[in-house]
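Visitor: next comes the sequence, and after it the predicted model I'd like to discuss.
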Amino acid sequence: MNATIERDQNVIELQAASYSYGHTALLSDMSFSIEPGSFHFLTGPSGAGKSTLLKLLYAELLPSEGTVSLFGQSVDQMSRDQIAFLRRRIGLVHQNCDFLDHLSMTENICLPLTVAGQSARDDLDQLLAWVGLTHRADALPPQLSGGERQRAALARALIQAPEVVLADEPTGNIDWEMSQRLLTLLIELNKMGTTVLIATHDLNLIRLAKSEIAVRVLRIKDRQVQFAGSDL
Amino acid sequence: MNATIERDQNVIELQAASYSYGHTALLSDMSFSIEPGSFHFLTGPSGAGKSTLLKLLYAELLPSEGTVSLFGQSVDQMSRDQIAFLRRRIGLVHQNCDFLDHLSMTENICLPLTVAGQSARDDLDQLLAWVGLTHRADALPPQLSGGERQRAALARALIQAPEVVLADEPTGNIDWEMSQRLLTLLIELNKMGTTVLIATHDLNLIRLAKSEIAVRVLRIKDRQVQFAGSDL
Amino acid sequence: MKSIFAEIRGLLIGDTRAAMVVPPTGFTAYLTIFSTATMAFLGIFAVVMALSAGRVADRWAQELAKSATVLVTASQDQMQDAVAATVRVLETTAGVGSIRVLSDDEQRDLLVPWFGPDMPVDVLPLPQLIEVIPTSDGFDPEGLRLRLQGEAPDAILDDHGRWQKPLIRAAQRLRLFSLFCLSLIAITIIAVVTLAAKAALSANAKTIHVLRLVGATDEFVAKAFVRRFTLRAIVGAAVGVIMGIIAIMLLSNAGKAAGFLTDFGLMGINWLWPLILPLLFGLLAFFATRAAALRLLRELT
Amino acid sequence: MKSIFAEIRGLLIGDTRAAMVVPPTGFTAYLTIFSTATMAFLGIFAVVMALSAGRVADRWAQELAKSATVLVTASQDQMQDAVAATVRVLETTAGVGSIRVLSDDEQRDLLVPWFGPDMPVDVLPLPQLIEVIPTSDGFDPEGLRLRLQGEAPDAILDDHGRWQKPLIRAAQRLRLFSLFCLSLIAITIIAVVTLAAKAALSANAKTIHVLRLVGATDEFVAKAFVRRFTLRAIVGAAVGVIMGIIAIMLLSNAGKAAGFLTDFGLMGINWLWPLILPLLFGLLAFFATRAAALRLLRELT
Ligand SMILES: Nc1ncnc2c1ncn2[C@@H]1O[C@H](COP(=O)(O)OP(=O)(O)OP(=O)(O)O)[C@@H](O)[C@H]1O
Ligand SMILES: Nc1ncnc2c1ncn2[C@@H]1O[C@H](COP(=O)(O)OP(=O)(O)OP(=O)(O)O)[C@@H](O)[C@H]1O
Ligand SMILES: [Mg+2]
Ligand SMILES: [Mg+2]
């Protein structure tokens, strides 16, 4: 585990990477890189492959061709344990946020610490308050509203102070006010050095972020990833 | 089963209805009605109780106090079979759209027909094409993207040509272009007489609808349901 | 109750529409089938055991009852009279079916172990043995003994009562033991089938919720699961019963060859058991699944 | 292999952190525990059966071997010489442990069934019976018979060979039958525990996916499930074994009271079996769960 990364090294780097679920390629010949400390959005129509791309960046899927490198190491060459350790440096918000239904929300949010053998963080209450879940801390996942679950998923992704945050539609079920609040949190973390990549179709969110910091927008089009210009 | 409803009778009518999950009331003293053929939106912050309210309107939950009447009949006084028959007149899009994972998308979408003992509709292909799922018709639910699942849930809600459509955040994971398309579909159905109620936090969607037809917006605030003015 | 019969009819006629909504397999299904098969195997074994134990007990009781003998000891010249008196008594005793006065040759055979083959039977003052074969009701040994004492004092009744009683008690115990095993296995079968139905249904809680939400009646949901699980139980039971019969036949053949376990096996009308068992399992699964499904449904509106 | 031992150690020391991620109960868990208990119950029964069958077979063989007798028939005045000659032969026969010349009283007791209690033993030309108790190796009956023919022509060996053989074969069959049952039950136990582990794990596929996504190593996931399921199997087996022992004791007591099933029960060192069985179940569950967990994990990166 090399816990520190070189300043100039890219956090994520794809070289001619492609992915296909069956025979026809869904994403093909993708080459791009994400520098540490950057803030990216990923857009594209429903079914374009945003979630698939994020899964590649989390080693949940392995590229059919080409290489995906995380923290300078190709995921193909990692052992299963190395992938597990890698994931402790990346915070993930899945699109359909799954929790362990028999554990309370607090226990679910602290799960990444549990599996890493670490004890709960002191500022857990602060994190819960920020995502507006203080009053639901002891509830079980099925007792939460859609938006509350999404916020809990974000809290779980951030609990380990990860170097990279990958969030798949983190505000799909959340009202605009709360979305702004969550974006502010991510921007603050980004300012402290966290690399952020958010897949979303909420153009307002992208516009808001653009007005605050320098962000880049990746767009999936025709199975390729392009950097979008200012034409949002 | 009274398949026809009187012209003047309200489709949905709440009288001093309230609901609480535990001891403290989540929604209290709600009194409002929804006329046949109307188009409503339901908004409110995440966790306000939008999904809970929709569940009351679908008899998935029964009011703690007061009455909820559907098609002129109080849900409290319905037998379990009557509730089942009632649901065949209402199309529902759940917030976390659940499917039967061992059935294909087409079979899932036709499930309301299956349980009602009806055969598949002729215009199924048309419906699939409209929600953009033609190419995924044979896929299994876990193989779909988040947005595709949401569109399939809408298709399932519409397959029986219901008199009322209740949709809980039907566009949360869908890009703006597709959202517009789905809204157009719902507006067309509304023009043909279907009553529509959509819970959403997407203000753009509400604005777009407002520009096309007469819609009313319900807002949950302080545990109450209010009709919002033009201050969106 | 009316709806239950309608449901059983529906089960037999079949409603593929309803059946398709239940996930087809998975390890819980395998576990159900396997457990059911094991239980059916044990069940058929226990039934055969109980039947065989009953047969063994009957045979023991019969053979023991048959083996009463009367011993007439008298000097050679008085022997004929003594035997005649004894026979008279025996012939007028209620419960005595038939009697047989053993010939000299038969008596000699019985005595060979004691005196060797060359024994001088003729010169010995041998007692005369009379075999008494009772009717199915049997006779009262004490009464007969008293009558003999009065009317034929040279005769002694040996009804083997001393060693007969524990054996008869043992046979009864054997029967009780098999019944105990049988009820133990029956309880286990009920528990396993019920638990398996509950486990499979609770694994399908989501399915039931979805079905109910899209407008399915309780009837439809229950029928779908009941059909699938009942068939599963019947198939599992049939497999188990077939395996059980094969094992029983192998054992009873091997046993017969070795002059052992000769009473072990299915005979005559008892061959209906292998047919009845899967149906019993099906019925059990039917009610267990129905109850579990309705219980799960009751948690939903 | 090293990691397996480390894991077993971890299992005993306990890691509540890992254990809490596994859903605690549910019907699949109950089904697992119940099935395991049933299997353990059957297991302990089968073991006791096999042990008892072995004991019964041994006892039969011993008692049959013991029951050889030599019958010396001679006229009263030559009897003493004939018996002495026979005893000489027997004492110098390999495999004969000890011999005992029966007293007149003993002989009379044996003959009571034939001649009644008032028999005039003294006046009868009774043969002399000699009981032969062989060593554990036993003697060669044909050889002894030939020697007796030559050296003590008045003596006849009755080694009961005629009816001894089928009984010994029956005892061997009984032993074989219990071993057959035992292996049948062992196979069933393996299948049930394996299937139960697989069913429980596949019901937890989502949990495993979530754990892996938040950075859990395979080790962590496997350990969590292995710990829970192994303990479940051990608890289930312990319950089954306790129930089994209670049932066995009840039966064997009832049996002893009835002079039946006296060999049924656990004796001496065999009391270790009830301790071993749950451990075996635990070990089985350990490997089955581990294999199933790793197989499920292998489908995920
Ligand atoms: N089964 C339950 N038991 C207890 N509390 C519940 C349960 N379901 C929902 N709640 C709580 O009730 C509140 C309202 O939930 P609801 O799902 O109706 O919100 P919502 O308005 O749909 O929110 P969102 O926009 O996030 O979907 C939430 O705080 C939620 O935690
Ligand atoms: N396991 C799978 N097997 C086969 N096809 C799949 C699988 N998962 C996803 N797909 C297909 O791949 C395409 C891309 O899916 P993906 O989830 O990446 O889309 P997305 O861009 O995230 O869409 P959305 O905005 O709707 O979430 C979709 O058409 C989907 O149906
Ligand atoms: Mg997606
Ligand atoms: Mg909601």
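Guide: In hand now; what should we look at? Residues are numbered from 1 along each chain as shown, chains lettered A, B, ... in the order given. Ligands and ions are numbered 1, 2, ... in the order given.
Visitor: where does the residue in chain A positioned nearest to ligand 3 land on pLDDT?
Guide: Residue nearest to ligand 3 within chain A: A:S51 (3.1 Å; Cβ to the ion). The C-beta positions use only the backbone N, C-alpha and C, and glycine is treated the same way. Per-residue pLDDT puts A:S51 at 94.
Visitor: was I right about it contacting A:Q95?
Guide: Yes: counting by Cβ atoms under 8 Å, A:S51 does reach A:Q95; the two are 5.2 Å apart.
Visitor: what's the overlap in contacts for the two?
Guide: A:D168, A:A199, B:S145, B:G146 (Cβ atoms under 8 Å, 6 or more residues apart in numbering or on different chains).
Visitor: the last one: neighbour count?
Guide: Counted with other Cβ atoms under 10 Å in any protein chain shown, the burial measure for B:G146 works out to 22 neighbours.
Visitor: for it, which non-adjacent residue is closest in space?
Guide: Nearest residue to B:G146, sequence neighbours excluded (Cβ to Cβ, 6 or more residues apart in numbering or on different chains): B:N173, at 3.9 Å.
Visitor: what are the phi and psi values at the one you found?
Guide: With angles defined as degrees, to the nearest 10, B:N173 sits at phi -110, psi 20.
Visitor: residue contacts, it?
Guide: Applying Cβ under 8 Å, 6+ apart, the residues contacting B:N173 are A:S46, A:Q95, A:E169, A:G172, A:H201, B:S145, B:G146, B:G147, B:R149, B:Q150.
Visitor: could you chop chain C up by domain?
Guide: C:2-61+C:165-299, C:68-159 (automatic domain parsing).
Visitor: could I get the full set of strands for chain C?
Guide: C:68-72, C:96-101, C:128-134, C:155-158 (DSSP state E).
Visitor: quick one: strands adjacent to the shortest one?
Guide: Think strand C:155-158. Under the criterion DSSP bridges, strand C:155-158 sits next to strand C:68-72 (antiparallel) in its sheet.
Visitor: run the chain-centre distance for the partner strand.
Guide: Relative to the centre of its chain, strand C:68-72 is centred 34 Å away, using Cα atoms, centre = their mean, to the nearest Å.
Visitor: so which of the domains of chain C is the most packed in?
Guide: Most buried of these by mean neighbour count (mean count of other Cβ atoms under 10 Å in any protein chain shown) is domain C:2-61+C:165-299; its value is a mean of 19.
Visitor: does that one reach chain B?
Guide: Yes: using Cβ under 8 Å from any Cβ of the partner chain, domain C:2-61+C:165-299 reaches chain B at C:17, C:20-21, C:23-24, C:206-207, C:209-220, C:297.
Visitor: for that domain, what is the average pLDDT?
Guide: Domain C:2-61+C:165-299 shows a mean pLDDT of 77.
Visitor: any bit of that domain sitting next to chain A?
Guide: No: Domain C:2-61+C:165-299 stays clear of chain A (Cβ under 8 Å from any Cβ), getting no nearer than 10.9 Å.
Visitor: so which of the shared contacts of A:S51 and A:Q95 comes closest to ligand 1?
Guide: Taking Cβ to the nearest ligand atom as the measure, ligand 1 lies nearest B:G146 of those, at 15.0 Å.
Visitor: quick one, phi psi at A:L127?
Guide: phi -60, psi -50.
Visitor: which residues sit in contact with it?
Guide: A:I109, A:R121, A:A155, A:L158, A:I159.
Visitor: for it, give its distance to ligand 4.
Guide: Look at A:L127 and ligand 4: by Cβ to the ion, to the nearest Å, they are 22 Å apart.
Visitor: so the closest residue to A:E35 other than its chain neighbours: helix, strand or coil?
Guide: Spatially, and ignoring its direct neighbours in sequence, A:E35 is nearest to A:N10 (5.7 Å; Cβ to Cβ, 6+ apart). Three-state call for A:N10 (DSSP: H, G, I helix; E, B strand; the rest coil): coil.
Visitor: pretty sure A:N10 is in contact with A:V68, am I right?
Guide: No: at 11.4 Å, A:N10 does not count as touching A:V68 under the criterion of Cβ under 8 Å.
Visitor: stretch C:206-216 vs chain D: in contact?
Guide: No: shown here: stretch C:206-216 not in contact with chain D (Cβ under 8 Å from any Cβ), separated by at least 11.0 Å.
Visitor: does the worst-scoring helix or strand of chain A on mean pLDDT reach ligand 2?
Guide: Least confident helix or strand, chain A: strand A:224-227 with a mean of 88, by mean pLDDT, DSSP states H and E. No: for strand A:224-227, no contact with ligand 2 is found by Cβ under 6 Å from any ligand atom; the gap never falls below 11.6 Å.
Visitor: for that strand, list the C-alpha coordinates in CSV.
Guide: Output in CSV follows, covering the C-alpha atoms of strand A:224-227 (Å, rounded to 0.1, in the frame of the first residue of the first chain):
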residue,chain,number,x,y,z
GLN,A,224,-16.5,7.5,-26.4
VAL,A,225,-15.6,9.9,-23.6
GLN,A,226,-15.1,13.5,-24.7
PHE,A,227,-14.3,16.6,-22.8
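Visitor: now do C:S136, the pLDDT please.
Guide: pLDDT, C:S136: 69.
Visitor: partners of the spatially most central residue of chain A in the sheet?
Guide: Closest residue to the average C-alpha location of chain A: A:L166 at 1.1 Å, with Cα atoms, centre = their mean. With DSSP bridges as the criterion, A:L166 is bridged to A:L92, A:L197.
Visitor: now the least confident helix or strand of chain A: buried residues?
Guide: Neighbour counts using 16 or more other Cβ atoms under 10 Å in any protein chain shown place A:V225 of strand A:224-227 among the buried residues.
Visitor: that strand: partners in the sheet, and parallel or antiparallel?
Guide: Counting by DSSP bridges, strand A:224-227 is paired with strand A:216-221 (antiparallel).
Visitor: go through the strand it pairs with and flag the buried ones.
Guide: Going by neighbour count (16+ other Cβ under 10 Å), the buried part of strand A:216-221 is A:R216, A:V217, A:L218, A:R219, A:I220.
Visitor: residues touching C:A233, list them.
Guide: C:T32, C:T36, C:V193, C:P278, C:F281, C:G282, C:L284, C:A285.
Visitor: among these, which pair sits farthest apart?
Guide: Farthest pair in these (Cβ to Cβ) is C:T32 and C:P278. Separation: 14.2 Å.
Visitor: chain center to the helix or strand containing the residue of chain A closest to ligand 3: distance?
Guide: Following DSSP states H and E, one finds A:S51 within helix A:50-56. Going by Cα atoms, centre = their mean, the spacing between the C-alpha centre of helix A:50-56 and its chain's C-alpha centre is 10 Å.
Visitor: could you see whether chain D lies near that helix?
Guide: No: applying Cβ under 8 Å from any Cβ, one finds helix A:50-56 separated from chain D by no less than 9.2 Å.
Visitor: what about the helices in chain A?
Guide: A:50-56, A:80-87, A:105-109, A:111-115, A:124-130, A:146-158, A:176-191, A:203-212 (DSSP state H).
Visitor: which residues touch the residue nearest to A:E60 when sequence neighbours are not counted?
Guide: Nearest non-adjacent residue to A:E60, counting by Cβ to Cβ, 6+ apart: D:T301, 6.0 Å away. Residues in contact with D:T301 (Cβ under 8 Å, 6+ apart) are A:A59, A:E60, A:L61, A:L62, A:R80, A:I83, D:R212.
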